[in-house]
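Visitor: missing the sequence, but the structure's below:
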């Protein structure tokens, strides 16, 4: 056992050395909007697009933070009602009236997505078509999810960042709800894994191909969106925010411009995850899509999760056990497993701490990261199983991009988060 543990612990340690030193320092979690960005001399016009499907319970709070933005330039909010059945549009109009923002607010109905379109992207396309006709002078389009609360100076900072740094896309990964036990257990690891998958410093480096965005808060240059082919260019994308970022970055580099993704409290999700199921559904909806539906990538990911998160603590415990209870002939291997496991676990804690601190978690919560990693590995496997059974990509009664009418029997109702 000691020899096996040593053989496993050394690759695990090498993985963490690579992540710490050669993965864009993603773990520092230090990509945030700065306060010293130079404000533009004249504030450009901005139109916000808010796709909403059955969001009546949260839409008022979201619209309050949008309509009350401290933005000096022309600003209009378009809510796209994506076939809601809970009175979302009605609640949105009431919220706009109460906030005194009726003149800067419009509701557009998206209608059923055509075959090949994902529902959210189709809603955004309909909102953008309306915006182009009604507000042709808008320099920026601000994409906000319907369950995101924005700091009232958020738009001002986003535009300042875009103008000062010559960016075609500026995005914030919204702070997720992290109050309940399941949220505290799983949300900081989720944010940590996302940063590891898409190192923000690499996203923000024009010399790197890595591209990503946080779909809850994305500011886009309108001309860049048009030049990239609009939302039709990503019509079937399930992970639409990252697909959009990749589309924009590829063309931004050609124009000597860039994109930027950061963390911060300027945008915050107001919908809690009530138990394990909503988090599980969120992950399984897109995890296998992220792997390009490849069984080989799935296998590699599962093995990688095991080596990265489970082997280090297992090597520590196994090394201690072997050193105390097994024959002295394996003592050297037990010591090697223990040392490599301790070193890998220490690097894991070092890397995770900035993200856990961002979410206000105490240092001891990092000890739960290996278990969270195991659970996310199971979620990823479940995502693949759902895809193989024709139930992948479910979201609020839809399964991925809409199929032709002959196959809509797959579109079962699901109250997803």
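Guide: Now that the structure is in, tell me what you want to look at. Predicted model, so just to flag it, every value in this text is computed and none were measured. Numbering: from 1, shown residues only.
Visitor: what segments of this structure are strands?
Guide: 46-52, 75-81, 105-109, 140-144, 148-150, 167-175, 217-221, 258-269, 394-395, 398-399 (DSSP state E).
Visitor: for this protein, which segments count as helices?
Guide: 2-22, 59-67, 88-98, 119-134, 154-165, 181-197, 200-203, 222-227, 240-254, 276-290, 295-305, 311-325, 331-358, 369-388 (DSSP state H).
Visitor: if we can go back for a sec, turn the strands of the chain into JSON lines, including mean neighbour count, distance to residue 367 and mean pLDDT.
Guide: Heads up, the C-betas are built off the backbone N, CA and C, glycines and all. Formatted as JSON lines, the strands of the chain follow (neighbours: other Cβ atoms under 10 Å; distance: least, Cβ to Cβ, whole Å; pLDDT from 0 to 100):
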{"stretch": "strand 46-52", "mean neighbour count": "26", "distance to residue 367": "39", "mean pLDDT": "96"}
{"stretch": "strand 75-81", "mean neighbour count": "24", "distance to residue 367": "43", "mean pLDDT": "96"}
{"stretch": "strand 105-109", "mean neighbour count": "19", "distance to residue 367": "47", "mean pLDDT": "95"}
{"stretch": "strand 140-144", "mean neighbour count": "26", "distance to residue 367": "36", "mean pLDDT": "97"}
{"stretch": "strand 148-150", "mean neighbour count": "24", "distance to residue 367": "31", "mean pLDDT": "96"}
{"stretch": "strand 167-175", "mean neighbour count": "25", "distance to residue 367": "23", "mean pLDDT": "97"}
{"stretch": "strand 217-221", "mean neighbour count": "26", "distance to residue 367": "31", "mean pLDDT": "97"}
{"stretch": "strand 258-269", "mean neighbour count": "22", "distance to residue 367": "23", "mean pLDDT": "94"}
{"stretch": "strand 394-395", "mean neighbour count": "19", "distance to residue 367": "33", "mean pLDDT": "59"}
{"stretch": "strand 398-399", "mean neighbour count": "24", "distance to residue 367": "37", "mean pLDDT": "57"}
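Visitor: burial of residue 337, as a residue count?
Guide: 32 (other Cβ atoms under 10 Å).
Visitor: where among the helices of the chain is the average confidence lowest?
Guide: Mean pLDDT is lowest for helix 311-325 out of the helices of the chain, coming in at a mean of 83.
Visitor: adding distance to residue 47, write the helices of the chain out as a markdown table.
Guide: Below are those laid out as a markdown table (distance: least, Cβ to Cβ, whole Å):
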| stretch | distance to residue 47 |
| --- | --- |
| helix 2-22 | 40 |
| helix 59-67 | 11 |
| helix 88-98 | 15 |
| helix 119-134 | 5 |
| helix 154-165 | 11 |
| helix 181-197 | 28 |
| helix 200-203 | 25 |
| helix 222-227 | 8 |
| helix 240-254 | 16 |
| helix 276-290 | 27 |
| helix 295-305 | 38 |
| helix 311-325 | 49 |
| helix 331-358 | 31 |
| helix 369-388 | 35 |
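Visitor: give the contact list for the most centrally placed residue in the chain.
Guide: Nearest to the mean C-alpha position of the chain, by Cα atoms, centre = their mean, lies residue 214 at 4.8 Å. Residues near residue 214 by Cβ atoms under 8 Å, 6 or more residues apart in numbering: 171-174, 241, 261, 267.
Visitor: show me the beta-bridge partners of the closest residue to it other than its chain neighbours.
Guide: In space, and not counting its chain neighbours, residue 214 is closest to residue 173: 3.6 Å by Cβ to Cβ, 6 or more residues apart in numbering. In this entry, residue 173 is beta-bridged to residue 263, by DSSP bridges.
Visitor: got the contact list for residue 173?
Guide: 191, 194, 214, 216-217, 261-263.
Visitor: could you do residue 202 as well?
Guide: With Cβ under 8 Å, 6+ apart, residue 202 has these contacts: 24, 26, 208, 210.
Visitor: on that earlier part again, ok, which of the helices of the chain comes nearest residue 40?
Guide: Proximity to residue 40, assessed across those by Cβ to Cβ, is greatest for helix 154-165 (4.5 Å).
Visitor: distance to residue 229 for the strands of the chain - can I get that in TSV?
Guide: Shown next, in TSV, are these (distance: least, Cβ to Cβ, whole Å):
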stretch	distance to residue 229
strand 46-52	17
strand 75-81	19
strand 105-109	21
strand 140-144	14
strand 148-150	26
strand 167-175	14
strand 217-221	13
strand 258-269	16
strand 394-395	24
strand 398-399	23
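Visitor: of all those, which one is nearest residue 280?
Guide: Nearest to residue 280, of the strands of the chain and by Cβ to Cβ, is strand 394-395 at 11.6 Å.
Visitor: residue contacts, residue 99?
Guide: 63-64, 67-68.
Visitor: correction: the previous question concerned residue 217.
Guide: For residue 217, counting by Cβ under 8 Å, 6+ apart, the contacting residues are 142-145, 148, 150, 154, 158, 171-174, 266-267.
Visitor: make it 10 Å
Guide: Residue 217 makes contact with 142-145, 148, 150, 154-155, 158, 170-174, 241, 262, 264, 266-268 under the criterion Cβ atoms under 10 Å, 6 or more residues apart in numbering.
Visitor: now residue 290
Guide: Contacts of residue 290 by Cβ under 10 Å, 6+ apart are 197, 238-239, 242, 283, 297, 301, 380, 383.
Visitor: find me the pLDDT at residue 56, would you?
Guide: Residue 56 is given a pLDDT of 93.
Visitor: neighbours of it, just the number please.
Guide: 17.
Visitor: dihedrals phi and psi, it?
Guide: Dihedral pair for residue 56: phi -60, psi -30, per degrees, to the nearest 10.
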